[in-house]
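*Asks:* Predicted model follows, preceded by the sequence.
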Amino acid sequence: MRTGEPLPSVEDVLAVLDTGRWHWDTAAGQVTVDAVAARLLGLPAEEVTLTEAQVRSRLHPVDWNEITGVVQLAVAEGTLAEVRIRIMDDRGRVVRVVRSRSKPSFDHMRKAYVLTGTLQEVTEPAPGTPAGRSAVTGDWRRSREAFLLDAGRALAEARSTQEVLRVTANLSMPGFTPDGLAVFGVEGERLTIIGHHGHEPGDEGPFTYMPLDTDYPAAEVVRTGRAVYLSSPEQYKARYPLTWPMAQRFGRQSWAFLPLTVAGRTMGAWMAAFAYPVAFTPDERSVLTTVARMLAQALSRAGTAESERALTDGLQRSMLPRLGPQRIPGMSVAARYVPTGGGLQVGGDWYDVIPLPSGRFALVIGDVQGHDVRAAGLMGQLRIALRAYASEGHRPDAVLTRASRFLHGIGEADPSELRFATCLYVEVDPTTGVLEVARAGHPDPVIRMADATVLTRPTAGGLPLGIDPDADYPTTRLILEPAETMLICTDGLIETGGHDLDTGWTRLRGILEDHKGNLEELADALVQAVHGPSSHHTTGPLADRREDDIAMLLLCRQGDGCGCGAETDTVRPPVRRTMLTVAQAEPERVAVARHQLRELLHDWSSPDQVDSAVLLLSELLTNVLVHTDADALLVAEVTGGRDGRRMRIEVTDSGDDLPHRRRPGELASSGRGLVLIELLAHTWGVDPRGEGKSIWFELYETDGTEPDGGDGPSGD
């Protein structure tokens with residue numbers, strides 16, 4: 001072309017370049033193409049107006065679906081829409097690949113897109129070449145869709161801000177992966193760094209609390225809500241000369257800054273930096289934009305959940321006592337509280353340690369019905385009331401009776417909010433180890449003995465607090481021996497993880513028996529076994545729902561080998577002991593006594609001897625209930641020495657009549673108790689006890705032979 005000659009027309013230039021033109025109005029549903037574009041679509045080479053369905057029939061179905069996303073992205077970012085399209089023949093075969101470029105706009109009045117663009121045939125690049133890696137093909141799209149599904153699932157499951165950032169840092173995008181990430185937040189008129197990956201600690205310093213009017217890409221993204229793509233260092237330097245030196249030292253080649261938008265509000269920006277040049281094609285921008293949207297939603301959910309958890313935890317813990325170092329002579333106390341895991345589901349679990357006027361102290365643990373703010377409020381009121389009644393010097397049964405009347409009175413004032421509460425109140429004498437237990441519908445205490453044997457201590461109990469204002473709460477007296485530990489807890493510790501009461505106690509028993517550390521470490525181990533990662537616990541037979549809080553108290557009476565305090569100088573053989581009272585009005589406690597004895601002998605080497613001991617215990621207890629008007633006191637203990645272990649079972653009552661041998665006939669219904677003792681026990685005896693008597697028998701574990709008749713009655 002000579003100087004001064006007029007420029008050729010656009011039509012002539014496009015014809016020389018073999019480039020067609022097209023116009024698409026989505027409101028009319030029509031696409032107008034010129035002769036070149038018609039030929040590239042596999043139609044006669046003449047200008048024609050087609051319906052969307054006619055055009056769609058000429059395109060690969062995956063590519064047609066891609067066009068909509070690319071157009072929407074280009075309109076949102078104010079950029080060109082560029083996409084590669086595979087043209088199909090009537091048999092469904094790909095005849096050519098064309099590239100379409102257009103400048104789309106959105107007509108808000110008609111709710112429609114209007115596009116005018118070009119169509120040009122391109123050569124499909126060879127696999128493995130740089131062009132091949134950037135080409136958009138069906139396989140690439142399928143990889144991208146699979147990546148976005150996995151990314152969406154992982155981000156949806158992230159439960160905290162740190163988990164969201166960790167998931168984002170580990171995303172491997174198809175075809176291109178950033179090696180540096182940063183998430184910016186906004187506080188007032190300044191940028192903050194929420195988290196980053198691929199940078200050294202301290203690198204975020206210059207970018208922290210940067211004013212929003214700074215000439216920096218992330219600040220511009222937050223101000224405008226539009227993404228910024230920088231394909232080269234030269235482009236970065238030319239567009240942001242003031243802040244380029246801050247980014248230059250990281251040695252990156254391309255950057256993408258995308259807005260984090262939730263509900264129409266830009267809450268921050270996400271930076272993805274690359275160590276190699278990236279062209280940021282529409283498909284790549286589409287992937288980054290989709291990830292940014294999912295990241296914004298995940299961060300918003302995590303932030304809301306963390307705020308709710310902090311509020312719930314703070315509210316609950318503000319109502320619980322701070323134990324601090326408990327100065328209890330000869331004893332140690334540890335406590336734990338784990339809140340429920342769901343939004344503002346505030347629980348009603350609590351514990352308390354109350355100094356008493358007598359010099360003793362009380363351990364209290366309980367659970368108010370419900371998981372809401374009302375339950376937490378009632379818990380706070382009930383805890384204060386219990387502390388007040390205990391501080392007045394009332395006995396355990398009177399404390400619970402008054403507390404039940406108090407809670408019932410609150411419910412009478414507003415029947416729609418009537419609640420009940422379970423509670424366990426233990427008055428402890430540090431000098432003697434005597435425990436006086438009153439129970440209101442709560443799980444029984446558990447004792448870990450000096451040799452790590454674990455027993456559930458059955459205690460008398462009454463209705464949960466708040467149901468009957470005149471309810472009675474009988475007291476059970478137990479002894480906490482030196483080196484023994486008592487566990488009291490709410491049902492969340494037992495049943496969390498899909499367990500019921502039986503399987504839950506079995507799980508806790510294993511932790512208690514195997515633990516070797518001190519009391520604080522034991523408390524941590526119990527919580528970890530229930531609320532730790534799935535690798536630390538097994539689920540039970542029920543659904544694994546974690547909607548209940550956990551409260552627990554551990555009380556250890558210091559002694560040799562307990563691991564919780566100073567050890568004594570006294571050396572004595574280990575004793576494993578259980579005590580139980582069977583009243584005349586409670587014959588069902590005979591079964592409880594049998595169960596207690598089997599638990600005490602859980603590791604006895606001879607199952608036959610265990611069966612014999614249980615049978616003889618049943619005989620002794622039944623004789624007291626049938627032949628006297630007194631209650632029976634069971635004391636069972638296992639001692640170990642150089643000669644092996646020995647079990648001693650003793651039943652005491654206040655009756656004066658001594659037992660005597662009888663020769664029952666074949667049809668007699670009684671009279672065989674002492675006969676069985678003579679046959680099954682190694683030794684036995686009857687000891688007068690002033691106002692009563694004690695009948696005992698012993699079995700030896702290492703004897704290896706069944707007793708051939710006892711040694712006969714003897715004193716102890």
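*Replies:* Happy to help now that I have it.
*Asks:* contacts for the host helix or strand of residue 31?
*Replies:* When elements are assigned from DSSP states H and E, residue 31 belongs to strand 30-33. If you take C-beta atoms under 8 Å, 6 or more residues apart in numbering as the criterion, strand 30-33 is touched by 20-24, 41, 43, 47-52, 54-55, 119. Using the backbone N, CA and C atoms, a C-beta is placed for each residue, glycine as well.
*Asks:* in it, what counts as buried?
*Replies:* Residues 31-33 are the ones in strand 30-33 that count as buried (16 or more other C-beta atoms under 10 Å).
*Asks:* How about stretch 617-627?
*Replies:* 617-625.
*Asks:* From residue 699, how far out is residue 609?
*Replies:* From residue 609 over to residue 699 the distance is 5 Å, taken as C-beta to C-beta, to the nearest Å.
*Asks:* nope, residue 299 is what I meant
*Replies:* Relative to residue 699, and taking C-beta to C-beta, residue 299 is found at 67 Å.
*Asks:* Then residue 116?
*Replies:* 100 Å.
*Asks:* go on, residue 67?
*Replies:* Residue 67 sits 87 Å away from residue 699, going by C-beta to C-beta.
*Asks:* okay, now residue 162: neighbour count?
*Replies:* Neighbour count of residue 162, defined by other C-beta atoms under 10 Å: 13.
*Asks:* Now it. Nearest residue, chain neighbours left out?
*Replies:* residue 195 (7.4 Å; C-beta to C-beta, 6 or more residues apart in numbering).
*Asks:* can you check residue 111 too?
*Replies:* Among residues not flanking residue 111 along the chain, residue 27 sits closest, at 7.5 Å (C-beta to C-beta, 6+ apart).
*Asks:* Which element, helix or strand, includes that neighbour?
*Replies:* Going by DSSP H and E, residue 27 is not part of any helix or strand.
*Asks:* Could you tell me which residues make contact with it?
*Replies:* 107, 110-112.
*Asks:* Where does pLDDT dip in the stretch 551-700 of the chain?
*Replies:* Along the stretch 551-700 of the chain, segments meeting pLDDT under 70 span 561-574, 641-643, 656-672, 689-690.
*Asks:* Can you check what pLDDT the model gives residue 435?
*Replies:* If you check residue 435, the pLDDT there is 92.
*Asks:* do you know how far the residue nearest to it when sequence neighbours are not counted is from residue 630?
*Replies:* Leaving aside its sequence neighbours, residue 435 sits nearest to residue 478 (C-beta to C-beta, 6+ apart; 4.4 Å). The spacing between residue 478 and residue 630, counted by C-beta to C-beta, is 21 Å.
*Asks:* likewise residue 58?
*Replies:* From residue 58 to residue 630 the distance is 101 Å (C-beta to C-beta).
*Asks:* so residue 440 makes contact with residue 402?
*Replies:* No: contact criterion C-beta atoms under 8 Å: residue 440 and residue 402 do not qualify, at 11.8 Å.
*Asks:* Could you check which of those two is surrounded by more residues?
*Replies:* Each of residue 440 and residue 402 has its neighbours counted (other C-beta under 10 Å); residue 440 has more, 25 against 19.
*Asks:* what sits against the more buried one?
*Replies:* Residue 440 is in contact with 366, 400, 404, 421-425, 461-465, 471, 473, counting by C-beta under 8 Å, 6+ apart.
*Asks:* Quick check: phi and psi on it?
*Replies:* phi -120, psi 80 (degrees, to the nearest 10).
*Asks:* Quick check: the gap between the closest residue to it other than its chain neighbours and residue 491.
*Replies:* In space, and not counting its chain neighbours, residue 440 is closest to residue 423: 4.5 Å by C-beta to C-beta, 6+ apart. Distance from residue 423 to residue 491, counting by C-beta to C-beta: 12 Å.
*Asks:* likewise residue 551?
*Replies:* Taking C-beta to C-beta, one finds residue 551 at 10 Å from residue 491.
*Asks:* Which residues are in contact with each of these two?
*Replies:* Here residue 551 and residue 491 share the contacting residues residue 367, scored by C-beta under 8 Å, 6+ apart.
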